[in-house]
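Peer 1: fold the following for me, if possible:
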Amino acid sequence: MNSKKIMVCDDDQGILDVLQMLLESEGFTVFTEINSTNLIKQIQIDKPDLILLDLWMPLLSGDQVLKAIRSTQEIKDLPVIVLSASVDGDDIAADAGANDFVAKPFDLDNIVAKINNLLVLQ
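Peer 2: Numbering: from 1, shown residues only. The predicted model follows:
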């Protein structure tokens, strides 16, 4: 079975570790990126099937990264799920072009369900 690749970008190492463990236990191949300014380059190297992207990060915020993804021809259709503790995070995510949104603190089953839902559509 060809496992789907997921890139997780968050500035919190603890969240990266939790998501990596969870998603690998679900059979996904997981790449993590703590520095949002590296994300576009890493996407082009690792070619993930889906991105989990934190909204509030230093240097480059999630919505800025997402807008960059949506305006980069070879990766513009990549499914992106935005994670955020922000009350209006879902609006910001939708405006930036996210496929889905998960509020923090997140429910792990909910994240897996949303990922599977988007990957089935591919």
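
Peer 1: low-scoring stretches of the protein, by residue?
Peer 2: Low-confidence segments of the chain (pLDDT under 70): 1-2, 121-122.

Peer 1: which residue is nearest the middle of it?
Peer 2: A centroid search over the chain (C-alpha atoms, centre = their mean) returns residue 52, at 1.3 Å, as the residue closest to the centre.

Peer 1: ok, whatever helix or strand that one lives in: who's next to it in the sheet?
Peer 2: Using DSSP states H and E, the element containing residue 52 is strand 50-54. Note on strand 50-54: by DSSP bridges, its sheet partners are strand 5-9 (parallel), strand 80-84 (parallel).

Peer 1: next, the angle strand 50-54 makes with whichever helix or strand comes after the first one.
Peer 2: Using DSSP H and E, the helix or strand that directly follows strand 5-9 along the chain is helix 13-25. Compare the direction of helix 13-25 with that of strand 50-54 by axes from the mean of the first three to the mean of the last three C-alpha atoms, to 10 degrees and you get 160 degrees.

Peer 1: can you dump the C-alpha atoms of helix 13-25 in CSV for me?
Peer 2: Written as CSV, here are the backbone C-alpha positions of helix 13-25 (Å, rounded to 0.1, in the frame of the first residue of the first chain):
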residue,chain,number,x,y,z
GLN,A,13,7.9,21.1,18.4
GLY,A,14,5.5,19.4,20.8
ILE,A,15,2.7,19.6,18.3
LEU,A,16,4.9,18.4,15.5
ASP,A,17,5.9,15.4,17.6
VAL,A,18,2.3,14.5,18.6
LEU,A,19,1.0,14.8,15.0
GLN,A,20,3.9,12.9,13.6
MET,A,21,3.3,10.0,16.0
LEU,A,22,-0.4,10.0,15.5
LEU,A,23,-0.2,10.2,11.7
GLU,A,24,2.5,7.6,11.4
SER,A,25,0.4,5.2,13.6
